[in-house]
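In: no sequence on this one, just coordinates:
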C-alpha cells in the first residue's frame, strides 16, 4: 500500500496482537512519534524495508512486544522508542544504525543480545537502563549525549550478564562507561 504516514492511528490500540501487515506499507519512510504507544497486547511486528527512522516513543509501553523485525535501512532509533517493552527479547540492530536515542531500550529487561556495530556514532543517556542480556561491542564507544531528561551514561542501570568487546575496538572511553 502506498500509505505515507500512519501518524498515531494505532496509538493505544489494545486489539492489535500481531501486525505483520505493516511490512506492506511500502510508502512509509519513518515510524512516527508514538505510533504504537501503549499497544499493550502487541507482541510481534515487522517494519517495512523502506523505513529509515523509528521516531521517539514509537513503541513505548508495548509491554507484550516480544519480537520486532526492523529493516537493515534503519539509521536512527529515537529516544524512548522501546521504553518499557519489558518482554522484548529479539531485535537486530543492523550496521545501518548510527544513532540510538536516550532511554531507547529503557526497561527492556528480557533483551537477550545487543550488538553495537562500528556505524554507531551516538548513544543517548540511559539507552540500555535495565537491560540484562549480553552486550557485543564492535564499535568505538561513542561519547554519550545528554538530553534535558538524562545526563547519565547509556549503560547506567544496565545489568548485562556479559560484555564482549570486538577486535575492531581500539579505545575504551571512560566517559561512555563511567557508571558500569
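Out: Structure received. None of the values given here were measured: they were computed from a predicted structure.

In: lowest-confidence helix or strand of this protein?
Out: helix 174-177 (a mean of 47; mean pLDDT, DSSP states H and E).

In: for burial, what's the neighbour tally of the residue nearest to residue 5 when sequence neighbours are not counted?
Out: Leaving aside its sequence neighbours, residue 5 sits nearest to residue 32 (Cβ to Cβ, 6 or more residues apart in numbering; 6.6 Å). In short, each C-beta sits where N, CA and C put it, glycine included. Neighbour count for residue 32, taken as other Cβ atoms under 10 Å: 20.

In: residue 35 now?
Out: By other Cβ under 10 Å, the residues close to residue 35 number 24.

In: model confidence for it, exactly?
Out: pLDDT recorded at residue 35 is 97.

In: can you show me the strands along this structure?
Out: Per DSSP state E, the chain carries strands over the ranges 18-19, 30-31, 44-46, 53-54, 67-69, 76-77, 99-100, 113-116, 122-124, 134-137, 144-145, 162-165.

In: low pLDDT regions in the protein?
Out: 1, 139-152, 168-180 (pLDDT under 70).

In: circling back: now render the strands of the chain as a markdown table, adding distance to residue 5.
Out: Shown next, in a markdown table, are the strands of the chain (distance: least, Cβ to Cβ, whole Å):
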| stretch | distance to residue 5 |
| --- | --- |
| strand 18-19 | 16 |
| strand 30-31 | 9 |
| strand 44-46 | 17 |
| strand 53-54 | 13 |
| strand 67-69 | 20 |
| strand 76-77 | 17 |
| strand 99-100 | 21 |
| strand 113-116 | 30 |
| strand 122-124 | 25 |
| strand 134-137 | 34 |
| strand 144-145 | 28 |
| strand 162-165 | 39 |
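
In: closest to residue 3 out of those?
Out: For these, proximity to residue 3 was assessed by Cβ to Cβ; strand 30-31 is nearest, at 11.8 Å.

In: how far is that closest one from where the chain is centred?
Out: 13 Å (Cα atoms, centre = their mean, to the nearest Å).

In: next: stretch 63-80.
Out: 5 Å.

In: ends of that stretch, what's the gap?
Out: End-to-end distance of stretch 63-80: 13 Å, with Cα to Cα, to the nearest Å as the criterion.

In: and if you look at stretch 87-99?
Out: End-to-end distance for stretch 87-99, by Cα to Cα: 23 Å.

In: over to stretch 123-138?
Out: One end of stretch 123-138 sits 14 Å from the other (Cα to Cα).

In: next one: stretch 107-116
Out: 18 Å.
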